[in-house]
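Asks: Provided below for reference: sequence and predicted model.
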Amino acid sequence: MAIVVNLDVMLARRKMRSNQLAQLIGISEPNLSILKTGKAKAIRLATLDAICRHLDCQPGDILEFHDE
C-alpha cells in the first residue's frame, strides 16, 4: 500500500506507550497495533482526530504517501 503509518514514530517522540494511547482514545490495543503496523485498510476520522489530539500532532505527521 502507498500509505505509510508513522504512528510508532509519533509515540516515541511523545514518550507514550501504545497501551496508554489506546486507553486514551478508546480503542483496543490490538486495533491500535493493526494501525501501527500499517495493516489497517481504513481509519475512522474520529479515531484519527483522537490520536492527533492526544499526540498533539497533525494527520500528516502520522500518515504519509509513498508512490510505489
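Replies: Received it, and whenever you're ready, just let me know what you need. Numbering: from 1, shown residues only.
Asks: make it CA atoms for all contacts and neighbour counts henceforth
Replies: OK.
Asks: just after the biggest helix by length in the chain, pick out the following helix or strand.
Replies: The single longest helix within the chain, with elements called by DSSP state H, is helix 45-55. Later in the chain than helix 45-55, the nearest helix or strand by DSSP states H and E is helix 59-62.
Asks: where does this protein dip in pLDDT?
Replies: 1 (pLDDT under 70).
Asks: and the helices in it?
Replies: 7-13, 18-25, 29-36, 45-55, 59-62.
Asks: those into CSV, with extra columns for distance to residue 68?
Replies: As requested, these are exported to CSV (distance: least, C-alpha to C-alpha, whole Å):
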stretch, distance to residue 68
helix 7-13, 20
helix 18-25, 29
helix 29-36, 20
helix 45-55, 24
helix 59-62, 18
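Asks: quick one on the thing from earlier: and the longest helix of the chain, what's buried?
Replies: 50, 51, 52, 55 (16 or more other C-alpha atoms under 10 Å).
Asks: distance of the residue nearest to the third one when sequence neighbours are not counted relative to residue 30?
Replies: It refers to residue 52. Distance criterion C-alpha to C-alpha, 6 or more residues apart in numbering; nearest residue to residue 52, sequence neighbours excluded, is residue 58 at 5.9 Å. Applying C-alpha to C-alpha, to the nearest Å, the value for residue 58 to residue 30 is 23 Å.
Asks: before we move on, what about residue 64?
Replies: Distance from residue 64 to residue 30, by C-alpha to C-alpha: 22 Å.
Asks: and for residue 60?
Replies: Counting by C-alpha to C-alpha - residue 60 and residue 30 are separated by 23 Å.
Asks: contact partners for the one residue sitting closest to the centre of the chain?
Replies: In the chain, the residue lying closest to the centroid (C-alpha atoms, centre = their mean) is residue 7, at 4.0 Å. Counting by C-alpha atoms under 8 Å, 6 or more residues apart in numbering, residue 7 touches 35, 36, 62, 63.
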